[in-house]
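> fold the following, please.
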Amino acid sequence: MVLEGLHLAADASLDGLRVLVRLIRQWTLVGVSSREDEVERCSALQTALADLIGSQTSRLEVDPLSAWAVRVFS
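Below you'll find the predicted structure:
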């Protein structure tokens with residue numbers, strides 16, 4: 001499961017995410033993407049992500065796309 005744009009999620013959606021991840025964590029890979037600059041401004045998302053971190057959690061930072069890549073993929 002991949003979740004994107006969580007910096008736009010409402011508090012109730014983040015609560016639902018916590019419950020869902022706890023239920024399915026043992027069976028599946030959960031990928032969450034967000035913009036780091038947006039996470040810093042969204043304390044509810046910071047709290048939700050902190051709740052989801054566990055011993056099997058990895059963080060992967062991805063560099064922004066180049067101007068060429070944006071043109072190709074848009």
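> hey, which helix or strand in this structure has the poorest pLDDT?
helix 36-41 (a mean of 64; mean pLDDT, DSSP states H and E).
> then the helix or strand that that one is followed by to CSV, C-alphas only?
Next helix or strand after helix 36-41 toward the C-terminus (DSSP states H and E): helix 43-52. What follows is helix 43-52, C-alpha atoms only, in CSV (Å, rounded to 0.1, in the frame of the first residue of the first chain):
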residue,chain,number,x,y,z
SER,A,43,2.3,18.9,13.5
ALA,A,44,-0.6,16.4,13.1
LEU,A,45,1.3,14.6,10.4
GLN,A,46,4.5,14.6,12.4
THR,A,47,2.7,13.0,15.3
ALA,A,48,1.1,10.4,13.1
LEU,A,49,4.3,9.5,11.4
ALA,A,50,6.1,9.2,14.8
ASP,A,51,3.3,6.8,15.9
LEU,A,52,3.9,4.6,12.9
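> what residues of helix 43-52 count as buried?
45, 48-49, 52 (16 or more other Cβ atoms under 10 Å). Using the backbone N, CA and C atoms, a C-beta is placed for each residue, glycine as well.
> turn these into TSV, columns for pLDDT.
Listed next are these as TSV, based on pLDDT from 0 to 100:
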residue	pLDDT
L45	73
A48	77
L49	74
L52	72
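> now distance to R71 too, for the residues you listed, in a markdown table please.
Shown next, in a markdown table, are the buried residues of helix 43-52 (distance: Cβ to Cβ, whole Å):
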| residue | distance to R71 |
| --- | --- |
| L45 | 30 |
| A48 | 34 |
| L49 | 32 |
| L52 | 35 |
